[in-house]
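# Curious how this folds, go ahead:
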Amino acid sequence: MAKTVTVFGSSRPRPGEHEYNTAYSLGKKLGRAGLNVCSGGFQGIMDAVSKGASETNVKVIGVTLNIYNAVPSMYLTEEIKTNSLFERLKNLLELGDAYIVLQGGTGTLLELALVWEFMNKNIIEHKPFACHSSMWKEITAIMERQIAFEQRQTGLIKSFENIDECADYIINSLK
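Residues are numbered from 1 along each chain as shown. This is a model prediction of the structure:
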């Protein structure tokens, strides 16, 4: 059975913008490696990664939230509708065999922190976990210092500024 990569990121980027194109390339690369893709299922980075993956005929799952008046990505092969943010987050975590965090705001920060905390506290098993962008690289470096100070496990998340290196890390980790 094919493994699934849950991708987190902003709903804001539009087709043609750098962040959208980056997510599209990621989805395509993951799909070519035979990996299914899961996201929050709406527009922006979620749509872009879904579009890229859908062009490779893998499963493209969107975990949507009924409280948003948003249109799901047209590239989904499966939509899981949820009624609360907590239910949505639970599904996104449970479906992922690995996680990638792309550019985003506070919602994406919440998702990054949730995966990190759950792995650090052994609430979920340790899985390949990567983030992409200089912003996340800075944030995770600061947090790694704090985690080390607290004598907790460091190195659970890998940071990349190159999307191909990020994808390769996840693909190779899931082989």
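# Please verify my assumption that residue 24 contacts residue 51.
Yes. Using C-beta atoms under 8 Å, residue 24 is in contact with residue 51, at 5.7 Å. Heads up, the C-betas are built off the backbone N, CA and C, glycines and all.
# Common neighbours of these two, please.
Taking C-beta atoms under 8 Å, 6 or more residues apart in numbering as the contact rule, residue 24 and residue 51 touch no residue in common.
# and residue 159, which of the three is it?
strand (DSSP: H, G, I helix; E, B strand; the rest coil).
# Please report how far it lies from residue 95.
Noted for residue 159: a distance of 23 Å to residue 95, by C-beta to C-beta, to the nearest Å.
# Ok, residue 111 next?
In terms of C-beta to C-beta, residue 111 sits 13 Å off from residue 95.
# For residue 87, what are phi and psi?
When read as degrees, to the nearest 10, the backbone of residue 87 gives phi -60, psi -40.
# per-residue pLDDT, it?
Per-residue pLDDT puts residue 87 at 97.
# Validate this expectation: residue 49 resides in a helix.
Yes. Under three-state DSSP, residue 49 sits within a helix.
# okay, it: pLDDT?
98.
# is it true that it touches residue 39?
Yes. Counting by C-beta under 8 Å, residue 49 touches residue 39, with 5.6 Å between them.
# anything in contact with each of the two?
With C-beta under 8 Å, 6+ apart, residue 49 and residue 39 have common neighbours 7, 9.
# Contact partners for residue 34?
Counted by C-beta under 8 Å, 6+ apart, residue 34 has contacts 2, 58.
# hang on, I meant residue 125
Contacts were defined as C-beta under 8 Å, 6+ apart; by that measure residue 125 touches residue 119.
# The same query, at a cut-off of 6 Å, please.
By C-beta atoms under 6 Å, 6 or more residues apart in numbering, the contact list for residue 125 is empty.
# And for residue 49?
Residues near residue 49 by C-beta under 6 Å, 6+ apart: 7, 23, 26-27, 37, 39.
# Apply 8 Å and report the result again.
Contacts of residue 49 (C-beta under 8 Å, 6+ apart): 7, 9, 23-24, 26-27, 30, 37, 39, 102.
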